[in-house]
Every structure is written in C-alpha cells, then in structure tokens.
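K.L.:
sequence plus predicted model, see below.
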Amino acid sequence: QAHLVESGGGLVQPGGSLRLSCAASESFFSLFDMGWYRQAPGKQRDLVAMFTRAGNTNYAESVKGRFTISRDYAQNTVDLQMNSLKPEDTAVYYCYADSPDGLYDYWGQGTQVTVSS
C-alpha cells in the first residue's frame, strides 16, 4: 500500500534548525503535489509549504524566509529545512501528497517538532 514516512523531528532551542524528510513509497508520487502541514495542540492543521508537480513552491506567511522545501524526484523524497525556529513552530508536522485529479491524498504519520529552551 502506498504510504509516506516522515523523519527528522525532535527538540531544538529557539533559533535552531531542523530538517524534516518525507519518503514516498511509490514512484507515482512524482506526479503529485507534495508538501508539509502542521498541527499544534488545540489548533487546526495548516499548510506549511508545498512543492507542486510543476515545480512551484508555496509557503505559509509565518515561515517565509525561514523554511525551505525541496524535492528529489529520483529519491522520491520531499524535505523541509527549518531555520530560525521559534516556539510557535512547535507542532506535529505531516507530510502530504495530492494526486493530479484531486481524488486521492496521502498523509504521513506525523513527526513532532518542539522548539523550547
């Protein structure tokens, strides 16, 4: 069964950096938009960054200039480099993939990111 697996979460001090990685199990994910969402306790799940199949990137305003999304089509991975982390970035981060026709989407199991001194 097709799936996404995240890695790279953890505890970091404010101002620090983390890199999240998402590995897709099947090659057809190269045709999908892929990206990252996050959900903090008691809040809704929000888009952080997206890398479209056309090669465009979109970011939430709150992370612009600090986070960078990248994609490796050969390895079937999408990464999120997070710099200058703030306590408000604390959340569970989820990898996401959306099919071209919008009929199918996939979620990873989530990885915890905690920014605290």
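P.N.:
Thanks, I have it. Numbering: from 1, shown residues only.
K.L.:
Ser62 falls within a helix, correct?
P.N.:
Yes. Residue state for Ser62 (DSSP: H, G, I helix; E, B strand; the rest coil) corresponds to a helix.
K.L.:
let me see the contact set for the nearest residue to Gln112 once chain neighbours are set aside.
P.N.:
Taking Cβ to Cβ, 6 or more residues apart in numbering, and ignoring the residues beside it in sequence, Gln112 has Gly9 as its nearest neighbour in space, at 4.9 Å. For every residue, glycine as well, the C-beta is placed using N, CA and C. By Cβ atoms under 8 Å, 6 or more residues apart in numbering, the contact set of Gly9 is 18, 20, 93, 111-113.
K.L.:
could you redo the last one with a cut-off of 7 Å?
P.N.:
By Cβ atoms under 7 Å, 6 or more residues apart in numbering, the residues touching Gly9 are 20, 93, 111-113.
K.L.:
check Asp89 too.
P.N.:
82, 113, 115.
K.L.:
closest to His3 among the residues you listed?
P.N.:
Of all the contacts of Asp89, His3 sits closest to Val113, with 20.6 Å by Cβ to Cβ.
K.L.:
now that closest one. Its backbone dihedrals?
P.N.:
The phi/psi pair for Val113 (degrees, to the nearest 10) reads phi -120, psi 120.
K.L.:
picking up where we left off before, just among the contacts of Asp89, which is most surrounded?
P.N.:
Met82 (26 neighbours; other Cβ atoms under 10 Å).
K.L.:
so that residue sits right up against Ser21, yeah?
P.N.:
No. Using Cβ atoms under 7 Å, Met82 is not in contact with Ser21, being 11.6 Å away.
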